[in-house]
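Asker: Need a 3D model of the sequence below.
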Amino acid sequence: MNDTLFLQKQAYNYLTKMYIEKQYDSASVLWDKRVYLEMEDFYKKNNKGHLTDTTLFKKVKSDVYKYYAQLHKFTIDSLLGTTVEIDNGYKMGYVFYQYTHTLKDKTTSNKTMLMFISEDNGKTWVLQDWTVKWIADQVVKKMFE
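Answerer: Residues are numbered from 1 along each chain as shown. From the prediction side, this is the model:
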């Protein structure tokens, strides 16, 4: 299977697990460690403290669960395209998609991407999902109260 088809399947499976089935624990194990580094910086900049390790993991999970509590429906509308490239020895894959979610009875559609990273030329992949940062930002703004 070529990288493009493989990443599209991985993206669909991840999005289903993370947002449709709301299986945070099994979905988040696919994240690249840089997601947590970015979230650590995000919380620090938003005066939530300098969270690390277990405290950081619990905070991210707590914020995502606040989103889940407001999420009535999530659909993957379409996979819009996939690009794979090599950058500084890393194989990078970008899967662009459109989704619709219903929060507090308000339905919106958005376009975003998942970024996949392989350090072993595509044998294994981890991903970055920046929707998680958007979720944390909404929590900071008290949008999920």
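
Asker: Which helix runs longest in this structure?
Answerer: Scanning the chain for the helix with the most residues, using DSSP state H, yields helix 53-70.

Asker: same question for that helix, mean pLDDT?
Answerer: When pLDDT is averaged over helix 53-70, the result is 96.

Asker: Hmm, residue 145 and residue 138 touching each other?
Answerer: No: when contacts are counted by Cβ atoms under 8 Å, residue 138 is not listed as touching residue 145 (10.1 Å). For glycine as for every other residue, the C-beta is placed from the backbone atoms N, C-alpha and C.

Asker: ok, those two, which is more surrounded?
Answerer: residue 138 (16 against 7; other Cβ atoms under 10 Å).

Asker: Can you verify residue 81 is assigned to a helix?
Answerer: No: Residue 81 sits outside any helix when classified using DSSP: H, G, I helix; E, B strand; the rest coil, being strand.

Asker: Secondary structure element for the nearest residue to it once chain neighbours are set aside, which one?
Answerer: For residue 81, ignoring the flanking residues on the chain, the nearest one in space by Cβ to Cβ, 6 or more residues apart in numbering is residue 96 at 4.9 Å. Using DSSP states H and E, residue 96 sits within strand 90-103.

Asker: roughly how far apart are the residue nearest in space to the middle of the chain and residue 13?
Answerer: Centroid-nearest residue in the chain: residue 129, 2.4 Å away (criterion: Cα atoms, centre = their mean). Using Cβ to Cβ, to the nearest Å, one gets 13 Å for the distance from residue 129 to residue 13.

Asker: re earlier: give me the number of residues near the residue nearest to residue 81?
Answerer: Burial of residue 96 is recorded as 15 neighbouring residues (other Cβ under 10 Å).

Asker: could you list every residue that touches the closest residue to residue 43 other than its chain neighbours?
Answerer: Excluding the flanking residues, the one nearest residue 43 by Cβ to Cβ, 6+ apart is residue 51, at 5.2 Å. The neighbourhood of residue 51, defined by Cβ atoms under 8 Å, 6 or more residues apart in numbering, consists of 40, 43, 44, 59.

Asker: what do you get if the cut-off is 10 Å, keeping everything else the same?
Answerer: For residue 51, the contacting residues are 36, 39, 40, 42, 43, 44, 57, 58, 59, 60, taking Cβ atoms under 10 Å, 6 or more residues apart in numbering as the criterion.
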